[in-house]
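Student: sharing a sequence plus its predicted fold:
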Amino acid sequence: MKTMGKWNGMIWAAGGAVACLALLWAFGAVRPLRGDSPQPLEAPHSEKARGPAEHHEAVKFSPEERKEFGIALAEAGPGTLRITRDFPGEVVFNPETLVHVVARAPGIAREVRKELGDPVKKGDVLALIESPALGAAKSEYLAKKRMEALARADRERAEAVHRNTLKLLDYLAGFPSLEEMRRKDFG
């Protein structure tokens, strides 16, 4: 969450800088030079260990323009920018990447493992929810699963009895019937 706020601040700062440069250019305060030979600004430069830098474009301000816009020339170095601008706006999450997740069963959230703005992927646990309805459904599921196992065992036993009965009937078919045996005995 903190990282996302840092990025938002950097994006706003970069956007503000681009907007300021665009306004200065639009009002003629910044004019790129035309021609083959760029002219450097009249300012003291330090050419210590780096040597002269190559310039491909240069910006030229007249002394009046520098005074009018409060531009001072100095050697580049660390410093603090004192320019602030207030702009109306609202910082919101990208609606294309934000998803509202609803629990499938009513209950009480005992632990939340992800916060708004955290990246998630398929299979991540977002929260632990205690749900009486889910507990009852799981209990019913386990009872039905036990009943199904018993029914499967009963079916297998009935199929074995049926197979053995058919084998016994085939075996007995090879012997004479009771009527035939009585006729032979009394006949």
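Tutor: Sure thing, it's come through.

Student: from the chain's centre, how far out does the lengthiest helix in the chain sit?
Tutor: In the chain, assigned by DSSP state H, the helix with the most residues is helix 132-173. Averaging C-alpha positions (Cα atoms, centre = their mean, to the nearest Å) puts helix 132-173 46 Å from its chain's average.

Student: stretch 123-137 too?
Tutor: The chain centre lies 22 Å from the centre of stretch 123-137; the measure is Cα atoms, centre = their mean.

Student: pull that stretch out as PDB, backbone CA atoms only.
Tutor: The C-alpha coordinates for stretch 123-137 follow below in PDB (Å, rounded to 0.1, in the frame of the first residue of the first chain):
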ATOM      1  CA  GLY A 123      -5.200 -19.600  -5.400                       C
ATOM      2  CA  ASP A 124      -4.100 -17.000  -2.900                       C
ATOM      3  CA  VAL A 125      -6.000 -17.100   0.400                       C
ATOM      4  CA  LEU A 126      -7.600 -13.600   0.900                       C
ATOM      5  CA  ALA A 127      -9.300 -14.200   4.300                       C
ATOM      6  CA  LEU A 128     -10.300 -16.900   6.800                       C
ATOM      7  CA  ILE A 129     -14.100 -16.900   7.400                       C
ATOM      8  CA  GLU A 130     -15.900 -18.800  10.100                       C
ATOM      9  CA  SER A 131     -19.300 -19.800   8.700                       C
ATOM     10  CA  PRO A 132     -21.900 -22.000  10.400                       C
ATOM     11  CA  ALA A 133     -23.600 -22.500   7.100                       C
ATOM     12  CA  LEU A 134     -20.400 -23.700   5.500                       C
ATOM     13  CA  GLY A 135     -19.700 -26.000   8.500                       C
ATOM     14  CA  ALA A 136     -23.200 -27.500   8.200                       C
ATOM     15  CA  ALA A 137     -22.700 -28.000   4.400                       C
END
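
Student: and residue 111, that's in a strand?
Tutor: Yes: according to DSSP: H, G, I helix; E, B strand; the rest coil, residue 111 belongs to a strand.

Student: tell me where the protein has helices.
Tutor: 2-26, 63-69, 132-173, 178-186.

Student: looking at those, which is closest to residue 126?
Tutor: For residue 126, the closest of the helices of the chain is helix 132-173, at 15.3 Å, according to Cβ to Cβ. All C-beta spots, glycine's among them, are computed from the backbone N, C-alpha and C.
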